[in-house]
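**Student:** What follows is a predicted structure for the sequence shown.
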Amino acid sequence: MDATELTPAERRVLDAFPLGEGVDFREGEDDDPAHGADWGPERTVRAEFLRELLLAGPVREGRTAGLKVRGARITGMLDLKYGTVAHAVRLRHCHFEQAPDLYGARIVALALSDSVLPGLRAGALRSEGVVRLTCCRFSGPVRLQGARLAGALFVNGARFGTPDEEPEEPVLQLNHAEVATDVWARRLVAYGEVRLNGAVVGGQVRLDDAVLDTPGGTALHAEVLSVGTDLHAMRLRARGRVNLGGARIPRQLNLAYARLSNPGGHALRASSGVIGELWLREAAPIEGTVNLRRAQLDLLHVPPEVWPEQVQLDGLAYRVLAPHLPAGQRLPLLEREPDGGYLPQPYEQLTAAYRAVGDDAAARTVQLAKLRRHRRTLPGYARLWGYLQDAAVGYGFRPMRAAFWLLLLLCTGTLVFALHHPPALKPSEAPAFNPLFYTLDLLLPIIDFGQEGAYAPRGGFQWLSYVLIALGWVLATTIAAGVTRSLNRQ
């Protein structure tokens with residue numbers, strides 16, 4: 001490095017580097033790097049100079065060398081591809097004319113906070129510390145696919161892409177990256193796809209207050225994402241598909257107060273995911289389809305008014321449903337499959353959730369709704385028999401209705417046989433006829449008051465007795481089954 005060829009600004013950087021000291025070219029705290037193209041030579045540093053400094057710069061014994069620059073205009077391309085940088089790189093509040101190329105580089109730590117860049121090429125980057133892109137503004141793609149970061153990734157308040165311009169590729173690419181600790185992306189703004197599919201994050205992902213704006217496309221592509229603890233996206237604003245298919249989130253997927261919108265497509269997809277808790281508390285009504293098929297959850301916290309018109313739930317398994325609501329407020333959700341077909345599994349899952357909290361009445365209501373829904377798929381004669389079962393005993397889930405019918409038949413039989421006594425089989429041995437107990441003998445299969453065997457009605461009254469016997473068996477069995485279920489619960 002020939003010091004005679006360096007500009008005054010570069011000499012300042014060269015002198016500070018071996019001491020690990022910082023150089024601040026800013027004229028004030030509000031100096032905006034978006035106007036960096038107009039900065040003069042007094043704050044201009046060549047990328048070629050920085051590359052040589054980082055790869056072979058001078059060091060001083062007893063001091064930790066490092067690049068610490070604020071408010072510089074960096075011309076040319078900072079090319080560190082496959083290079084090994086043994087020093088921390090901090091280029092904050094800077095204006096980059098070209099996107100740095102750090103593909104395959106090994107670096108101690110990287111901080112580009114508050115800078116303006118046309119993009120960043122850092123696929124397969126290896127970092128021993130944190131990578132800070134906080135409040136950066138990127139007009140082009142940021143490629144971190146396959147990166148291995150031993151520390152956290154900070155992209156809080158960063159902006160990716162340009163409004164009203166459709167990017168040719170995802171604006172932030174973290175697919176198949178490995179982050180040992182956390183990904184902090186609060187208040188991130190992305191005008192294009194954010195890709196995290198196949199990424200592994202040892203800690204948590206924070207997308208609180210983020211804005212993901214990709215109308216008609218994929219706003220967040222995070223298939224098979226693996227997170228160590230939580231994915232928090234409270235107050236997230238997403239226009240476009242949020243795809244979390246196959247994700248592994250052992251604690252919370254928190255979308256409280258979020259606004260998800262993708263009319264005509266999937267607004268949220270978490271099919272085949274394994275998630276501890278899914279929260280959509282106080283979220284805006286979702287615009288678009290929700291796909292939770294084959295997902296496994298411990299807790300599902302979604303108020304009914306948040307669900308959209310089309311929801312795919314086949315194979316969804318959850319242990320607790322919150323908030324606890326009457327079955328009537330949950331049942332409409334089970335009829336929102338896009339194809340309108342009948343799927344029994346969502347009814348069985350909802351039944352199990354109510355039984356798990358001891359609400360057996362709600363569980364019976366869900367089972368009754370399942371049978372009524374299934375009835376629509378049956379041929380005409382089977383639907384007619386279903387209507388009869390429903391009206392008579394609620395498919396066995398309304399035993400008190402059976403008791404009402406039993407009482408009605410008892411009154412009818414008592415009245416008819418009081419007006420028309422059946423003749424006795426052996427008049428000399430027959431007990432005195434009692435129409436009430438005679439009707440009870442016909443209706444109740446396990447009770448014998450000695451009336452049925454002593455008297456034999458004829459003609460139409462004989463057919464009436466047959467009807468009473470048959471209906472008595474059905475209704476008495478239904479009541480017994482209801483009592484048995486109640487005893488089992490206790």
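**Tutor:** Good, I have the coordinates. Note that this is a predicted model, so its numbers are computed, not measured.

**Student:** Let me know the outermost residue of this protein.
**Tutor:** residue 428 (78.9 Å; C-alpha atoms, centre = their mean).

**Student:** Wasn't it part of a strand?
**Tutor:** No - under DSSP: H, G, I helix; E, B strand; the rest coil, residue 428 falls outside any strand and is assigned coil.

**Student:** Would you quantify the distance from it to residue 376?
**Tutor:** 59 Å (C-beta to C-beta, to the nearest Å). From N, CA and C alone the C-beta is placed, and that goes for glycine too.

**Student:** same deal with residue 360?
**Tutor:** 26 Å.

**Student:** Check residue 236 too.
**Tutor:** 38 Å.

**Student:** So which of those two has more stuff around it?
**Tutor:** Shown here are residue 236 and residue 376; by other C-beta atoms under 10 Å, residue 236 has more neighbours (24 against 10).

**Student:** Please name the residues that touch that one.
**Tutor:** Counting by C-beta atoms under 8 Å, 6 or more residues apart in numbering, residue 236 touches 207, 208, 209, 210, 211, 212, 255, 258, 259, 260.

**Student:** Leaving out the residues flanking it, which one is nearest to residue 167?
**Tutor:** residue 192 (4.0 Å; C-beta to C-beta, 6 or more residues apart in numbering).

**Student:** Could you check how many residues crowd around that neighbour?
**Tutor:** For residue 192, using other C-beta under 10 Å, the count is 24.

**Student:** got it, and residue 104?
**Tutor:** Residue 104 has 17 nearby residues by other C-beta under 10 Å.

**Student:** so what pLDDT did it get?
**Tutor:** pLDDT for residue 104: 97.

**Student:** Just confirm it is within a helix.
**Tutor:** No - read with three-state DSSP, residue 104 is coil and lies in no helix.

**Student:** residue contacts, it?
**Tutor:** Here residue 104 is in contact with 81, 82, 123, 124, 125, 126 (criterion: C-beta under 8 Å, 6+ apart).

**Student:** Now a PyMOL select for only the buried ones of those residues.
**Tutor:** The buried subset of the contacts of residue 104, as determined by 16 or more other C-beta atoms under 10 Å, is captured in PyMOL by this line:
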select buried, resi 81+123+124+125+126
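
**Student:** okay if I get the contacts of residue 104 as TSV plus pLDDT and distance to residue 61?
**Tutor:** Listed next are these as TSV, based on pLDDT from 0 to 100; distance: C-beta to C-beta, whole Å:
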residue	pLDDT	distance to residue 61
81	97	30
82	96	28
123	96	36
124	97	33
125	97	29
126	97	27
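
**Student:** Tell me the one of the contacts of residue 104 nearest residue 420?
**Tutor:** residue 123 (94.6 Å; C-beta to C-beta).

**Student:** That closest one against residue 145, yeah?
**Tutor:** Yes - the criterion here is C-beta atoms under 8 Å, and residue 123 meets it with residue 145 at 4.8 Å.

**Student:** Common neighbours of these two, please.
**Tutor:** Joint contacts of residue 123 and residue 145 (C-beta under 8 Å, 6+ apart) are residue 173.

**Student:** Pull out the buried positions in stretch 364-374.
**Tutor:** 364, 365, 366, 367, 368, 369, 370, 371, 373.

**Student:** Stretch 449-461 too?
**Tutor:** Buried-residue list, stretch 449-461, by 16+ other C-beta under 10 Å: 449, 451, 452, 454, 455, 457.

**Student:** now do stretch 137-148
**Tutor:** 137, 138, 139, 140, 141, 142, 143, 144, 145, 146, 147.

**Student:** which of these lies closest to residue 410?
**Tutor:** Closest to residue 410, out of all of the buried residues of stretch 137-148 and judged by C-beta to C-beta, is residue 145, at 77.0 Å.

**Student:** what about that closest one, is that helix, strand or coil?
**Tutor:** Per three-state DSSP, residue 145 ends up coil.

**Student:** roughly how far apart are it and residue 211?
**Tutor:** Residue 145 is 23 Å from residue 211, by C-beta to C-beta.

**Student:** now residue 37
**Tutor:** Applying C-beta to C-beta to residue 37 and residue 211 gives a distance of 26 Å.

**Student:** okay, these two: which has more neighbours?
**Tutor:** Shown here are residue 37 and residue 211; by other C-beta under 10 Å, residue 211 has more neighbours (18 against 11).

**Student:** Could you give the backbone dihedrals for that one?
**Tutor:** Note on residue 211: backbone dihedrals following degrees, to the nearest 10 are phi -120, psi 120.

**Student:** same thing with residue 329?
**Tutor:** phi -90, psi -20.

**Student:** is it true that it touches residue 304?
**Tutor:** Yes - under the criterion of C-beta under 8 Å, residue 329 makes contact with residue 304 at 5.2 Å.
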